[in-house]
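Participant: Sequence and computational prediction follow.
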Amino acid sequence: MKPATFEDLNNKIKVLSNSEFIVSTSKEPTKDSEIRKIESKYNIKIPPSYREILEKMGYLMVEIKEEIWPRPQAYDIGTVRDFQYGFTVFGIAEELSPQSDLELVIEEFKDLNLGIPFFKLYGGHIAFIKEDRIILYTRNESKILEGNIYDFLQDEFEFLERDLENIKKKNLSLDQVISQLYEAKEKKEKIELIVILGKIIKKEGKSAIDKVLPVLKHFIKDEEITFFVVSLISDLGEDAETLLAEMQEMYYIGDTDDKMHIVTYLGKIRDDSDATIDILMHA
């Protein structure tokens, strides 16, 4: 594959600037004298690719808009992923915040000897560049990546866009999730939507369950996602009594050409949750 270039990065930024992202760069590019000052102070040589970003952008910050990805508040309980709504490419500019200031970040990580820090995913990894090699550092571990700085940034854009799609799915209504599940072609997308169904059920209760049971009945025979459907049915416990009774009837009366398929999954549901044993025996 052809290595990515600054032009690819710039084109990506233009697209994202008109979407659900906030993209910020410096009001003025970094001067050569400013770069040489940093190099002299820390006895480093900034590779040409990173220098190109500094000279043309100053710095780069990309974030998913707050109305789409609400920012965690102080003392909120959540996962690391809750904080990973954006990233920054460190720069040299007067208006920079401390977390985007290249000189401050060099000071912070100079003892690691991994090269020059240039990238930070909020709440996540940091990337260094050393002789145009990209080194990823996370949880006290480092590894060398393939590709150049622009390849790396293209990948980070893709990860952020994927996270955006997942966030948008979480905000879907029950009817929207069901509709997308019937239209989904890929296994991964189906699984994501089944998981979202479970979260909506926990939030909305009985009204959601009545709509979801026919959906689960339909997808119980989709072998790609059977495990996830079975897990959700088990979580419903006695609320799944109607569905379980219908499934038993399909097996014993013979309303399906795939009797063993149905009875196998009845067994899986039984084994997956003690709460469903009595339901299966009395349905």
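Facilitator: That came through fine. Numbering: from 1, shown residues only.
Participant: going forward, measure contacts between C-alpha atoms and count neighbours the same way
Facilitator: OK.
Participant: buried residues in the helix ranked longest in the chain?
Facilitator: Secondary structure of the chain per DSSP state H: the longest helix is helix 149-170. The neighbour-count check on helix 149-170 (16 or more other C-alpha atoms under 10 Å) flags 149-153, 157, 160-161, 163-164, 169-170 as buried.
Participant: Residues contacting that helix, please?
Facilitator: By C-alpha atoms under 8 Å, 6 or more residues apart in numbering, the surrounding residues in contact with helix 149-170 are 3-6, 8-9, 49-50, 64, 68-69, 85-86, 129, 132-134, 177, 193, 196.
Participant: can you give me the strands in the protein?
Facilitator: 21-25, 60-64, 86-89, 116-121, 126-130, 133-138, 141-145 (DSSP state E).
Participant: export these to TSV and tack on mean pLDDT?
Facilitator: Shown next, in TSV, are those (pLDDT from 0 to 100):
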stretch	mean pLDDT
strand 21-25	91
strand 60-64	93
strand 86-89	96
strand 116-121	96
strand 126-130	96
strand 133-138	95
strand 141-145	94
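Participant: quick one, which of those is nearest to Lys37?
Facilitator: strand 116-121 (14.6 Å; C-alpha to C-alpha).
Participant: what lines up beside that closest one in the sheet?
Facilitator: strand 86-89 (antiparallel), strand 126-130 (antiparallel) (DSSP bridges).
Participant: Adding distance to Val215 and mean neighbour count, write those strands out as JSON lines.
Facilitator: JSON lines is the format used below for those (distance: least, C-alpha to C-alpha, whole Å; neighbours: other C-alpha atoms under 10 Å):
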{"stretch": "strand 86-89", "distance to Val215": "35", "mean neighbour count": "24"}
{"stretch": "strand 126-130", "distance to Val215": "43", "mean neighbour count": "21"}
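Participant: Next, give phi and psi for Pro3.
Facilitator: When quoted as degrees, to the nearest 10, the phi and psi of Pro3 stand at phi -60, psi 140.
Participant: What about it, how many residues nearby?
Facilitator: 10 (other C-alpha atoms under 10 Å).
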